[in-house]
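> just coords:
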């Protein structure tokens, strides 16, 4: 079964294996991305120089490519890292940040998912819609507008890329070529912090590095991330007064989550598209 896993078991596997995750990511959230990978139980490394990144990825168990502050050198590093991941069988997660906002981002994102073989493609509703070739409203790196058909769009993109697609929003959608699922987890406070999308991306990379199946990794990663957001909002890791203190509580929730006291995935994950 797709939901035949528990958060506790997934976290235990990650913490036992301590997978090395190479992140080619953006300058805005690089520290948060590294910390979230570490807090889940992974070992982050942020190699982003084309001269060495292929060698680093060859020895890693997971790889994240995040084009949030894409540059010519960054594009070269991402392509080098992605090719190394594919060559060495390292699960590759692509986060096409801001695709749909500029022609440059459109071109780079298309190259990443066309020339490389990602295990997971993760973006917000607007980014996933734009990457699928449909009309989207992306302002900078933020998704605006309504996306009533995002689950169907995610399935179409999964079919085109042969990857699991995660569309993040108020309700996260995880899609394969055959089905889409809604993951009911999270808290509105996550939307008030810059970089939670990047943190979700590295979460998926960390889970994919330790778990055998990309679909299970995407579902478990999205669910665990959302549950951490919930328990942080509930005050389980300290009181908060606003976004800054909530961010601290959320980081502590990621580090302290054990999954034992939370509903089984079947209670949180609903199949909404069946192809």
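Thanks, I have it. Note that this is a predicted model, so its numbers are computed, not measured.
> helix or strand with the lowest mean pLDDT in the protein?
strand 142-144 (a mean of 51; mean pLDDT, DSSP states H and E).
> if we look at stretch 54-64, which residues are touching it?
Stretch 54-64 is contacted from outside by 17, 19-25, 33, 42, 45, 47, 80-85, 87-88, 90-93, 95, 201-202, 205-206, 208-210, using CB atoms under 8 Å, 6 or more residues apart in numbering. All C-beta atoms are positioned from the backbone trio N, CA, C, and that covers glycine.
> ok, 7 Å please
19-25, 45, 47, 80-81, 84-85, 88, 90-93, 95, 201-202, 205-206, 208-209 (CB atoms under 7 Å, 6 or more residues apart in numbering).
> buried only: go through those for me.
For the contacts of stretch 54-64, a burial check counting by 16 or more other CB atoms under 10 Å picks out 19-25, 45, 47, 80-81, 84-85, 90-93, 95, 201-202, 205-206, 208-209.
> contact partners for residue 37?
By CB under 7 Å, 6+ apart, the contact list for residue 37 reads 21, 44, 202, 206.
> sitting in strands, which of these do you find?
If you go by DSSP state E, the contacts of residue 37 have 21, 44 in strands.
> against which helices or strands is the following helix or strand past the least confident helix or strand of the chain packed?
Next along the chain after strand 142-144, taking DSSP states H and E as the criterion, comes helix 150-161. On a contact count with 3 or more CB pairs under 7 Å, 6 or more residues apart in numbering; DSSP states H and E, helix 150-161 meets helix 125-131, strand 164-168, strand 172-175, strand 179-183, strand 269-274.
> quick one: the second one to helix 150-161, angle?
Spelled out, that is strand 164-168. 150 degrees (axes from the mean of the first three to the mean of the last three CA atoms, to 10 degrees).
> neighbouring strands of strand 164-168 in the sheet, and parallel or not?
Using DSSP bridges, the strands paired with strand 164-168 are strand 120-124 (parallel), strand 172-175 (antiparallel).
> from residue 124, how far out is the residue nearest to the spatial centre of the chain?
In the chain, the centroid-proximal residue (CA atoms, centre = their mean) is residue 201; its distance is 2.3 Å. As for residue 201, its distance to residue 124 is 11 Å (criterion: CB to CB, to the nearest Å).
> equivalent analysis for residue 217, please.
For residue 217 relative to residue 124 (CB to CB), the value is 19 Å.
> ok, residue 111 next?
20 Å.
> check residue 40 and give its pLDDT.
Listed pLDDT for residue 40 reads 98.
> my guess is it contacts residue 208, does it?
No - applying CB atoms under 7 Å as the test, residue 40 and residue 208 come out as separate, 11.6 Å apart.
> any idea where the helices of the protein begin and end?
7-17, 30-40, 53-58, 72-87, 103-115, 125-131, 150-161, 196-210, 214-233, 243-256 (DSSP state H).
> distance to residue 271 added to those helices, as CSV?
Below are the helices of the chain laid out as CSV (distance: least, CB to CB, whole Å):
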stretch, distance to residue 271
helix 7-17, 19
helix 30-40, 26
helix 53-58, 34
helix 72-87, 29
helix 103-115, 24
helix 125-131, 18
helix 150-161, 10
helix 196-210, 19
helix 214-233, 11
helix 243-256, 27
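> least reliable of those helices by average pLDDT, please.
Among the helices of the chain, helix 125-131 scores lowest, at a mean of 92.
> chain center to that helix, what's the gap?
Mean C-alpha position of helix 125-131 versus that of the full chain (CA atoms, centre = their mean, to the nearest Å) differs by 14 Å.
> same for it, what does it pack against?
Helix 125-131 packs on strand 137-139, strand 142-144, helix 150-161, strand 164-168, going by 3+ CB pairs under 7 Å, 6+ apart.
> touching the last one from outside, list them.
This points to strand 164-168. With CB under 7 Å, 6+ apart as the criterion, strand 164-168 contacts 119-125, 128, 150, 154, 157-158, 172-176, 197, 200, 204, 214-215, 218, 222.
> per-residue pLDDT, residue 145?
pLDDT, residue 145: 59.
> and what of residue 139?
For residue 139, pLDDT reads 53.
> brilliant, that's me finished.
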